[in-house]
Structure formats: structure tokens, C-alpha cells
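Visitor: Below are the sequence and a predicted model for it; my questions follow.
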Amino acid sequence: MPKYTHLFFDLDHTLWDADRNSAEALTELHEFYNLGNYGIHVADLIRTFDAVNHVLWLQFETDLITKERLISSRFPMIFNRIGLSEYLVPPTLAKHYEEICFIKPHLVEGSKEILEYLKSANYRLFILTNGGRGQQSKMEHSGIAEYFEKVFTTITTGMKKPDLPLYQYVLAETHAELRKSLMIGDSLHSDIQGAKNCGMDSVFFNRKKAVHKETPTYEIKHLEELRGIV
């Protein structure tokens with residue numbers, strides 16, 4: 001008998017390669033809007049986007065800002081950090097970014113292989129993400145939608161990780177036993193702390209080898225390592 005039956009995956013940075021997909025989208029947008037005319041270099045745009053996005057997501061997950069505020073303030077903050085007025089941000093840039101980024105197909109190394117193995121071994125697979133609209137598009141364009149029974153997002157649930165009510169809701173909706181459920185994700189704050197809040201075992205996917213003092217149930221550097229856990 002397997003130790004776990006229900007596996008809950010985060011999406012961005014865990015399966016869907018958000019860094020690569022975002023960088024490609026930003027590169028295309030840089031050319032489309034002629035951002036070089038403002039003195040913005042592609043590498044600076046990508047690096048600044050990553051830094052600002054990280055801060056905004058932490059603020060969202062700790063109830064300091066709304067998802068709408070996250071999206072609307074992201075590019076103005078980026079322009080300000082680069083040294084430009086936020087009034088130079090093209091009005092359609094934020095929406096255009098999502099339209100391009102959400103159809104990018106790139107996955108984290110080993111994603112397809114581990115999902116194929118888990119599905120063939122009859123594990124029940126679910127997505128649990130703080131993302132909103134666009135998650136289904138990401139999964140379909142990257143070819144992983146078929147592996148999952150259900151996708152839980154901030155829009156479909158009205159809740160977010162790491163809040164305990166979300167985990168309780170998801171367990172009830174999937175008829176999962178807590179002791180046979182496993183959360184797999186790259187965020188110590190939302191994925192690992194969220195699982196810890198409800199007493200669920202967790203896997204910290206530490207692909208970038210971050211130094212930390214948290215205590216996930218398991219820690220891996222490659223998705224293939226899940227074979228030896230589940």
C-alpha cells in the first residue's frame with residue numbers, strides 16, 4: 001500500500017517553469033512596445049520583474065495587498081525601480097503580459113516524467129495554486145492538464161495558501177485522508193507552512209538550493225526524487 005494517495009501540487013515554479021516562461025514573455029513585450037527606446041534593457045526588465053513580483057506575491061499571501069493590486073502595481077513598480085516614471089507604462093502591458101505568458105509551454109525539468117509515473121501508479125493528483133485566471137491555460141499549453149482531477153485556485157475557492165481554511169476545504173472536496181495527503185511545492189511560506197498549518201505532510205521542492213531553517217517533511221532538488229517518497 002502506498003504511503004500517500006492524494007498528492008497536491010503547486011503549479012508555478014514547481015511544475016510550470018514560471019521563470020523561463022515569464023522571461024520569454026517579457027522579451028517579446030520589450031520588442032513589441034519598443035521599451036528599448038526608454039533605455040530599458042531586456043535583462044534589466046526580467047531581473048527587475050522577478051524581484052518586484054516576488055515582493056508583491058509575499059504581500060498578497062500575507063494579506064497586505066489584493067490580487068488586483070498585485071497585478072495593477074507590478075509594472076509601475078518595475079518602471080520606478082528602473083528609474084522611469086510609472087506614467088510611461090503602456091496601458092495594455094499588464095494584460096498583454098498575462099496573455100502571452102499564460103500560453104507558454106515550458107515545464108520544470110522532470111515534470112512530465114514524474115506526473116506520468118504518478119498517474120500510471122493511480123495516485124490522485126490535484127493542483128493547489130495561489131494563481132487566479134490563466135492556470136488552466138498554463139496547464140493545457142504545457143500538456144499537463146490531463147494528469148489532474150481538479151485545479152484549486154484563488155478564484156475557484158476564494159481562499160489562498162497558506163491559510164488553514166483552504167487546506168481544510170480542499171481535503172473535504174477531494175475526500176482525502178489527512179495522513180495520506182501530501183503537499184508538494186517550492187514555497188516555504190505558502191506550500192510548506194500551509195501544509196504544516198493543517199498537519200499535512202509536505203515536500204519542499206528546493207530546486208534553487210535555498211538556505212532555510214524550516215522543517216518540511218521532505219526536501220528534494222529534483223522532481224524525480226518523489227518516487228522514493230510516495
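Guide: Here it is on my side, so go on. Numbering: from 1, shown residues only.
Visitor: avg pLDDT for the longest helix that the chain contains?
Guide: Longest helix of the chain, by residue count under DSSP state H: helix 42-61. For helix 42-61, mean pLDDT is 95.
Visitor: again, but for stretch 152-162
Guide: Per-residue scores along stretch 152-162 average to 94.
Visitor: which residues touch stretch 24-33?
Guide: 35-36, 40, 42, 45-46, 49, 90, 93, 96-97, 100-101, 104, 106 (C-beta atoms under 8 Å, 6 or more residues apart in numbering). (Each C-beta comes from the backbone N, C-alpha and C, glycine too.)
Visitor: Go through those residues and flag which are in helices.
Guide: 42, 45-46, 49, 93, 96-97, 100-101.
Visitor: tell me the contacts of Asp66?
Guide: For residue 66 the amino acid is Thr, not Asp. Phe60.
Visitor: again, only this time at 10 Å
Guide: By C-beta atoms under 10 Å, 6 or more residues apart in numbering, the contact set of Thr66 is 59-60, 72.
Visitor: re the thing from before, may I ask which of the contacts of stretch 24-33 has the most neighbours?
Guide: Tallying neighbours with other C-beta atoms under 10 Å puts Leu35 at the head of the contacts of stretch 24-33, with 23 neighbours.
Visitor: Could you pull up the contacting residues of Lys67?
Guide: 56-57, 60, 130-133, 154-155, 160.
Visitor: 8 Å instead?
Guide: 60, 132, 154.
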